[in-house]
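following is a predicted model, sequence given first.
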Amino acid sequence: MSQAPLLRPSREEAEDAIRTLLRWAGEDPSREGLLDTPGRVVRSYEEFFAGYGEDPSSILSRTFSEVDDYDEIVLLRDIRFESHCEHHMVPIIGVAHVAYLPSKRVVGISKLARVVDAFSRRLQIQERLTAQIANTINDVLQPHGVAVILEAGHQCMTTRGVHRPGVSMVTSRMLGVFRTNSDTRRELMSMLNRPSVATAHL
Ligand SMILES: [Zn+2]
């Protein structure tokens, strides 16, 4: 199904929409403390949703092929991410663990974190976010396998609705050898279960 490109509203229209929501909440948008709020909210949206302007595949396009036959798991763990749930537009905050088993090419580790950012700075559900990160790494780097595990708290569950703080949701997507080879998956899990040196010393 092809869709016409969405017409982006002007900044002024976006700020007007925030004034409408302020009135909906019971506020007076002309109150002094709220005068600059629509502008701030719209600028925050530019930051929260910057991912729509990024191409995650191109982030991974620069790779290194001279890795002296490194053929073990590369794991970047505890990558903090901030996203927003597409059902309530409230934050999803958590950590991502991203692993892959290179075949020929490796990528700078900061690029893996940037791929997480590019997809998380959009309206998301955690399941899709997990799959998008894994699929993109798989498509671009064509490694032997990719594993992505996300653990996050959803403010739509903690601050509204069922009000259950302290609950986190874990999702994972395993591709290639991480899906087919239980030894590889076990090795990944033991790497993840080790205490992190980063938080302790670095
Ligand atoms: Zn939600």
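Nice, I can see it.

up against the ion, what does the protein have?
85, 87-88, 156 (Cβ under 5 Å from the ion). Yep, even glycine has a C-beta here, placed from its N, CA and C like the rest.

pull the contacting residues for the residue of the chain found nearest the ion.
Going by Cβ to the ion, the ion is nearest to Cys156 of the chain, at 2.9 Å. Taking Cβ atoms under 8 Å, 6 or more residues apart in numbering, we find Cys156 in contact with 85, 87-88, 90.

among the residues of the chain next to the ion, name the buried ones.
Buried by 16 or more other Cβ atoms under 10 Å: 85, 88, 156, out of the residues of the chain next to the ion.

list the buried residues in the helix or strand where Leu188 lies.
If you go by DSSP states H and E, Leu188 is part of helix 182-193. For helix 182-193, the neighbour count (16+ other Cβ under 10 Å) marks 184-185, 187-188 as buried.

how about stretch 10-18?
Buried residues in stretch 10-18, counted by 16+ other Cβ under 10 Å: 14-15, 18.

outside of it, which residues touch it?
Counting by Cβ under 8 Å, 6+ apart, 9, 29, 37-39, 41-42, 45 sit against stretch 10-18.

just the ones in strands from the residues you listed, please.
Secondary structure from DSSP state E places none of those in strands.

select only the buried ones of those in ChimeraX?
Selecting only the buried members of those in ChimeraX, with burial defined as 16+ other Cβ under 10 Å, works like this:
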select :29,37,38,41,42
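
where do the helices sit along the chain?
Using DSSP state H, the helices found in the chain span residues 11-25, 37-48, 56-59, 109-120, 126-141, 155-158, 177-180, 182-193, 197-201.

save these as TSV, and put in mean pLDDT and distance to Val74 too.
What follows is these, written out as TSV (pLDDT from 0 to 100; distance: least, Cβ to Cβ, whole Å):
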stretch	mean pLDDT	distance to Val74
helix 11-25	98	40
helix 37-48	98	29
helix 56-59	94	16
helix 109-120	96	8
helix 126-141	97	10
helix 155-158	88	32
helix 177-180	97	12
helix 182-193	95	10
helix 197-201	63	15
